[in-house]
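>>> From the sequence below, what's the structure:
(2 chains)
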Amino acid sequence: MRKLTLLLGVLSLLVAACGGGDATEAPDTTEAPDTTAPATTETAVGDECAVENLPLKTPGQLTVATGEPAFEPWVVDDDPTNGQGFESAVVYAMAEKMGFTADQVVWTRTGFDEAIAPGPKEFDINVQQYSITEEREEVVDFSVPYYVTQQALVAYGDSDVVNATSIEDLKGYALGAQIGTTSLDYIEQVIQPDTPPAVYDTNADAKSALDAGQIDAIVFDLPTAYFITAVEMPDASIVGALPASEEQADKFGMLMENDSPLKPCIDRALEELRAEGTLDALAEEWLTQEGDIPVLSQ
Amino acid sequence: MTWPSAPSAFGRRRDPESGSRRRAREEGARGALIAFISTVVFFGLALWAILTSEAWPQVQRQFFNPEAFVEVWPAVLSGFWLDIRMFLGAEVLILFFALLVAMARSLRGPAFFPIRALAVIFIDLIRGIPIILLILILGFGVPALQLSGVPRSPLFWGIAALVISYSAYTAEVYRAGIDSVPESQRMSARSLGLTQIQTLRYVLIPQAVRNVIPALLNGFVSLQKDVSLVFVLGVREGVREAQIFNARTFNYTGYIVAATLFLIVSIPVARFTDWYTERDRRRRQAMSA
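Numbers count the residues shown, from 1 in each chain, chains lettered A, B, ... in the order given. Below is the predicted model:
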């Protein structure tokens, strides 16, 4: 089995595009967001992106939606307001960059379906690991990616599937994934197993099916796979990361309604966070990214 | 279930056409014309309002998209075929188990108390649990026990949950039918020396079933849609295939396709139920006249 030490932080943050930021310069977001800090409208942010000029759902506040419930490692304790977990931390860092105070960030919850229904949305941005795809971009807007990852296969040790070393070896197994994920697309388009993958509403349901012996393995995005095998299913392990071309990489974007006038300002804030290394630093802080896991061969 | 044996059951006239009947028919024709015009105007205006609304092009692109239709159709159709097979299989089992439960509940006498009590407990418990929870509990819970010899298939447990749930409801439909048979029927049968079971089997149930066929057909329509709920276990039936497409592309055309397929099956059943109920009512009136 070919073993590679994956430095996924490098892969993940489109390092080609960013200038190798220094993690120590990143603002400290481990503590609860500082609500007393005054809004600093940075000189780098032009007038159209000043808080008072932004076309927000509720003037003066950034309404951010996430899933119900929201899962770790993206949001900690299902409480996005604590600034803990990767997506929560990124949102607060971005809001600060745009000139919002932490208490001007107001969280709301939407299901997956509500968030993508046509028509006006009740949120300014929706952050719940939405993968950016061309088809989706026809009906909603996405920010530039705030995280890029790949897929990984998780199974219990007593299953034969843990001996797989290539994509070809996976064809005969019953695989499952959460609906609407790049993980599911990966199974259907790249692995193409003999039986179509089982499709679940949530990763939690997929885990139940794995426990019930109804499927042999689940495909998750890599950070979720790390978290689940470390915390929720310690008896399960990552069989391997799944190889993907750059186009197949899973890019998470913040979802906005179609033709959102907010997009340029959101994108600018995220680009700055990436350039100064904050996105890298937050990913390092909240997501397990390095490890000695094998990559399955094509 | 009985299906109409011949088209002659429709529109047969017994008495010759009289003058008043002709007048009534002419008035009926005028009424039909007015109904037709008002229907066309009403739906025309509604359609016009929808098609000229500002958001229509967006809605059309997301809900009635020909390219999406072509892409999603094969998956939804094959998933829907699974729905139909699940429905037919489950329905047969439900009609059988529900009858057993209803019979258990209809037994008289102190000796049968435990059986009656079990039937009542079963019906109360199962009707009190949302069907989706029953599917999740049985579908993920029982296989996780890893008992040897117990099936693990989500399809098996999904259908089992549907059969259990619908049997509880359908048992009550049967019981209403049994209770509607005059008590004298039971007493006569018993006085002829039939046992309780024989009384149920040969006297009460044949009459009871006939009384509740419309209610049973109503249950058919309901089950025909509820079978899709097994998708929570990962089963790729028609609605799930539409959801998968929707989640991937954010396009809703698959939902419209699935809804249309369900309608194509359920509308004829609904019309048949109405027709059957009406025919039964006329027959009874004729009998009592």
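
>>> Can you tell me the SS state at residue A:256?
When classified by DSSP: H, G, I helix; E, B strand; the rest coil, residue A:256 comes out as strand.

>>> Contacts only, for it.
Neighbouring residues of residue A:256 by CB atoms under 8 Å, 6 or more residues apart in numbering or on different chains: A:121, A:124, A:125, A:126, A:140, A:141, A:142, A:143, A:262, A:263, A:266. Placement of C-beta: from N, CA and C, glycine included.

>>> Could you rerun that using 6 Å?
When contacts are counted by CB atoms under 6 Å, 6 or more residues apart in numbering or on different chains, residue A:256 is found next to A:125, A:141, A:262, A:263.

>>> nearest to residue A:208, of the residues you listed?
Residue A:208 lies nearest to residue A:125 out of the contacts of residue A:256, by CB to CB, at 30.8 Å.

>>> excluding its backbone neighbours, what's nearest the residue positioned nearest the centre of chain A?
Closest to where the C-alpha atoms of chain A average out (CA atoms, centre = their mean) is residue A:129, at 3.6 Å. Take residue A:129 and drop its neighbours on the chain: the residue closest to it by CB to CB, 6 or more residues apart in numbering or on different chains is residue A:252, 5.2 Å away.

>>> before we move on, what about residue A:69?
In space, residue A:69 is closest to residue A:78, 4.6 Å off (CB to CB, 6+ apart).

>>> if we can go back for a sec, a strand runs through the residue nearest to the centre of chain A, doesn't it?
Yes: remark: residue A:129 belongs to a strand, assigned using three-state DSSP.

>>> about what we covered before: for the residue nearest to residue A:129, what are its contacts?
By CB under 6 Å, 6+ apart, the contact list for residue A:252 reads A:129, A:145, A:146, A:147.

>>> One more: residue A:64?
By CB under 6 Å, 6+ apart, the contact set of residue A:64 is A:91, A:107, A:125.

>>> host element of the first one?
With elements delineated by DSSP states H and E, residue A:91 resides in helix A:86-98, which encompasses its position.

>>> Show the subsequent helix or strand relative to that helix.
Per DSSP H and E, the first helix or strand lying C-terminal to helix A:86-98 is strand A:105-109.

>>> And that following strand, what does it pack against?
Here strand A:105-109 touches strand A:62-66, going by 3 or more CB pairs under 6 Å, 6 or more residues apart in numbering or on different chains; DSSP states H and E.

>>> One more pass at 10 Å, please.
Helices and strands touching strand A:105-109, by 3 or more CB pairs under 10 Å, 6 or more residues apart in numbering or on different chains; DSSP states H and E, are strand A:62-66, helix A:86-98, strand A:125-131.

>>> ok, then the element right after that strand?
Strand A:105-109 is succeeded, C-terminally, by helix A:112-116 (DSSP H and E).

>>> Give me the residue ranges of the chain where confidence is low.
Just going to use chain A. Flagging of chain A using pLDDT under 70 yields the residue ranges A:1-46, A:289-292.

>>> wrong one, I was asking about chain B
Ranges of chain B meeting pLDDT under 70: B:1-19, B:289.

>>> Okay, domains of it per the record?
By the assignment in automatic domain parsing, chain B contains the domains B:19-52, B:62-288.

>>> what about the first one, near chain A?
I take that to be domain B:19-52. No: Domain B:19-52 does not reach chain A (CB under 10 Å from any CB of the partner chain); its nearest approach is 13.6 Å.

>>> Let's see which of the contacts of residue A:252 end up in helices.
Among these, no member falls in helices (DSSP state H).

>>> Next, give me the two most distant ones among those residues.
By the measure CB to CB, A:129 and A:145 form the most distant pair in these, at 11.2 Å.

>>> overlap in contacts of the two?
Counting by CB atoms under 10 Å, 6 or more residues apart in numbering or on different chains, the common neighbours of residue A:129 and residue A:145 are A:250, A:252, A:253.

>>> Which members of the residues you listed occur in strands, if any?
A:250, A:252, A:253 (DSSP state E).

>>> What's opposite the second one in the beta bridge?
Right, the one you point to is residue A:252. Here residue A:252 sits in beta bridges with residue A:131, residue A:147, going by DSSP bridges.

>>> now it: how far from residue A:127?
According to CB to CB, to the nearest Å, residue A:252 and residue A:127 sit 8 Å apart.

>>> shared neighbours, the two?
Here residue A:252 and residue A:127 have A:74, A:86, A:87, A:90, A:143, A:146 as joint contacts, going by CB under 10 Å, 6+ apart.

>>> Closest one of these to residue B:109?
Nearest to residue B:109 among those, with distances taken as CB to CB, is residue A:74, at 62.8 Å.

>>> Counting neighbours, what do you get for the residue lying closest to that closest one once chain neighbours are set aside?
Nearest non-adjacent residue to residue A:74, counting by CB to CB, 6+ apart: residue A:87, 4.3 Å away. By the criterion of other CB atoms under 10 Å in any protein chain shown, residue A:87 has 25 neighbours.

>>> who's in contact with residue A:87?
A:64, A:66-67, A:70-71, A:73-75, A:80, A:127-129, A:146-147, A:252, A:254, A:282, A:286.

>>> residues in contact with the residue of the stretch 1-150 of chain A found nearest chain B?
Residue of the stretch 1-150 of chain A nearest chain B, by CB to the nearest CB: residue A:135 (4.1 Å). Contacts for residue A:135 (CB under 10 Å, 6+ apart) come out as B:68, B:71, B:245, B:248, B:249, B:250, B:251.
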